[in-house]
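J.: Could you work out the structure for the sequence below:
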Amino acid sequence: MNAQQMFQLSGRVAVVTGGAGGLGYTMAQTLAEAGAAVVITSRTLARAEEAAAKLKEDTGADIAALEADLAGFGGAEAMVRHVVERYGRIDILINNAGTNIRKPIEDYDEASWDHVMGANLKSPYLCARAVTPIMKAQKSGRIINIASMLGAVALPERSAYCASKGGVIQLTKVLALELAPFNVTVNALCPGPIATDLNTVVMNNPEANRFFIEQIALGRWGRPEEIAGPILFLASDASSFMTGSALTVDGGWTAR
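T.: Have a look, this model is predicted:
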């Protein structure tokens, strides 16, 4: 296998949760450009369909849209069932859907905590659990959990977010050990500050933005397309001997 073949995804089926916008859309586009058929999920069917139509027009790849509520066992299992009914297999699962609520601890109500933990930690667990029987039977698969550099380092007013992303990294390690005998790899991608809609509130705050820039060794926010290379690496044969790892892409923030 040469270097080009190592990154080819032709014939493979990928699912990207929360793939209709932000980093999720960039990841879906990357996998499609590498040859994979891609299923984009969103809680809103219209949003998933709009993103899928654009991605299909841009790449010419086989793109499908799926409405999925991944807050419970039933939703994750239904998502996997629909994809398998259409394509017969799932080779790549990217657990990207997530959220963030920033509040001081004394203002962090139970509903906010449950919402963040549900979207960021419970949902990846449920999706991985649902896809496991499929990948075990195939004797192959890639599960990529989107964590964060804030799973390793902390910032104030992000108690639930940091706790959930730290949990995702530990979940990744456990699943890697459980699924390694079946040639299924499980890794986490840990983005740092990326200029997405989720971070607009920080970027538009001069003081907060200055603080962030000062922490990033490269001195700037990351661009969404700078996630493309790392996600392709983790989804492809290029990372075949890598499992249970957390790959940090943060412009050098955590190197300090």
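J.: Is it correct that T185 falls within a helix?
T.: No: counting by DSSP: H, G, I helix; E, B strand; the rest coil, T185 falls outside a helix, being strand.
J.: Report how many residues lie close to it.
T.: For T185, the neighbour count with other Cβ atoms under 10 Å is 24. For glycine as for every other residue, the C-beta is placed from the backbone atoms N, C-alpha and C.
J.: I'd like the distance between it and G74.
T.: Going from T185 to G74 by Cβ to Cβ, to the nearest Å gives 27 Å.
J.: Equivalent analysis for S236, please.
T.: For S236 relative to G74 (Cβ to Cβ), the value is 31 Å.
J.: of these two, who's got more company?
T.: S236 (21 against 12).
J.: wait, that one sits on L9?
T.: Yes: S236 lies in contact with L9 (Cβ atoms under 8 Å); the separation is 6.2 Å.
J.: Overlap of the contact sets of those two?
T.: A34 (Cβ atoms under 8 Å, 6 or more residues apart in numbering).
J.: ok, and for the top helix by length along the chain, which residues are buried?
T.: Longest helix in the chain by number of residues (criterion: DSSP state H): helix 159-179. Judged by neighbour count (16 or more other Cβ atoms under 10 Å), helix 159-179 contains these buried residues: 159-169, 171-173, 175-176, 179.
J.: now the one helix or strand A32 maps to: how far from the chain's centre is it?
T.: Under the criterion of DSSP states H and E, A32 resides in helix 22-33. Its chain's C-alpha centre and that of helix 22-33 lie 10 Å apart, by Cα atoms, centre = their mean, to the nearest Å.
J.: is it true that N145 lies in a helix?
T.: No: N145: not assigned to a helix; according to three-state DSSP it is strand.
J.: Do you know the pLDDT at it?
T.: Note for N145: predicted pLDDT of 98.
J.: Relative to P181, how far out is it?
T.: Using Cβ to Cβ, N145 is found at 19 Å from P181.
J.: The two: which is more packed in?
T.: Using other Cβ under 10 Å, the more surrounded residue of N145 and P181 is N145, with 29 against 9.
J.: OK, contacts around that one?
T.: Residues near N145 by Cβ under 8 Å, 6+ apart: 95, 124, 128, 168-169, 171-172, 186-189.
J.: swap the cut-off to 7 Å and go again
T.: 95, 124, 168, 171-172, 188 (Cβ atoms under 7 Å, 6 or more residues apart in numbering).
J.: From M242, how far off is it?
T.: 14 Å.
J.: now for stretch 32-42, what's the gap between its first and last residues?
T.: By Cα to Cα, to the nearest Å, the extent of stretch 32-42 from end to end equals 17 Å.
J.: how far is that stretch from where the chain is centred?
T.: Using Cα atoms, centre = their mean, the offset of stretch 32-42 from its chain centre is 13 Å.
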